[in-house]
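[1] What follows is a predicted protein model with its sequence.
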Amino acid sequence: MASQGVNVLRYSALVAGLVYGVYHQSSITSSAKQADAQREYARQERLIEQAKAEWKKKTAPKDTTQSGIITDPEDSRFDLEAFLKMKAGEN
């Protein structure tokens, strides 16, 4: 039969192992949660940058030539007379 000192040592080691296991698992879990949060933040940053780029493309001035004449008939500043003069000068 084992002495009381050996039993105390065994159970102390068991409890210490359990406490260490809980501590180690919680540190692993917290680091995984932090990594997930960082990945989500980076994904949202990329989405925001893409949205900004799309918005800039959408709101950018339409196609203009070197002479400053607007060639897009949908633009409110489109001047048909200047456009036709430019096209006539190209030929």
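    Sure thing, it's come through.
[2] going forward, measure contacts between C-alpha atoms and count neighbours the same way
    Will do.
[3] from the chain's centre, how far out does the longest helix seen in the chain sit?
    Determined from DSSP state H, the single longest helix within the chain is helix 4-59. Chain-centre distance of helix 4-59: 19 Å, with C-alpha atoms, centre = their mean, to the nearest Å.
[4] State the mean pLDDT of that helix.
    Per-region confidence: helix 4-59 scores 96 on mean pLDDT.
[5] Past that helix, which element shows up next along the chain?
    Next helix or strand after helix 4-59 toward the C-terminus (DSSP states H and E): helix 80-90.
[6] So for that following helix, what gets flagged as buried?
    residue 83 (16 or more other C-alpha atoms under 10 Å).
[7] and stretch 14-32, C-alpha only, in CSV?
    Extracted C-alpha coordinates of stretch 14-32, given in CSV (Å, rounded to 0.1, in the frame of the first residue of the first chain):
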residue,chain,number,x,y,z
LEU,A,14,-2.9,15.5,-11.1
VAL,A,15,-4.4,18.8,-9.9
ALA,A,16,-1.4,20.8,-11.2
GLY,A,17,-1.7,19.1,-14.6
LEU,A,18,-5.4,19.9,-14.7
VAL,A,19,-4.8,23.5,-13.8
TYR,A,20,-2.0,23.8,-16.4
GLY,A,21,-4.3,22.2,-19.0
VAL,A,22,-7.1,24.6,-18.4
TYR,A,23,-4.6,27.6,-18.5
HIS,A,24,-3.0,26.3,-21.7
GLN,A,25,-6.3,25.7,-23.5
SER,A,26,-7.6,29.1,-22.6
SER,A,27,-4.4,30.8,-24.0
ILE,A,28,-4.7,28.8,-27.2
THR,A,29,-8.4,29.7,-27.5
SER,A,30,-7.8,33.4,-26.9
SER,A,31,-5.0,33.5,-29.5
ALA,A,32,-7.2,31.8,-32.0
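[8] Need the residues that contact it.
    Outside of stretch 14-32, no residue comes within contact range by C-alpha atoms under 8 Å, 6 or more residues apart in numbering.
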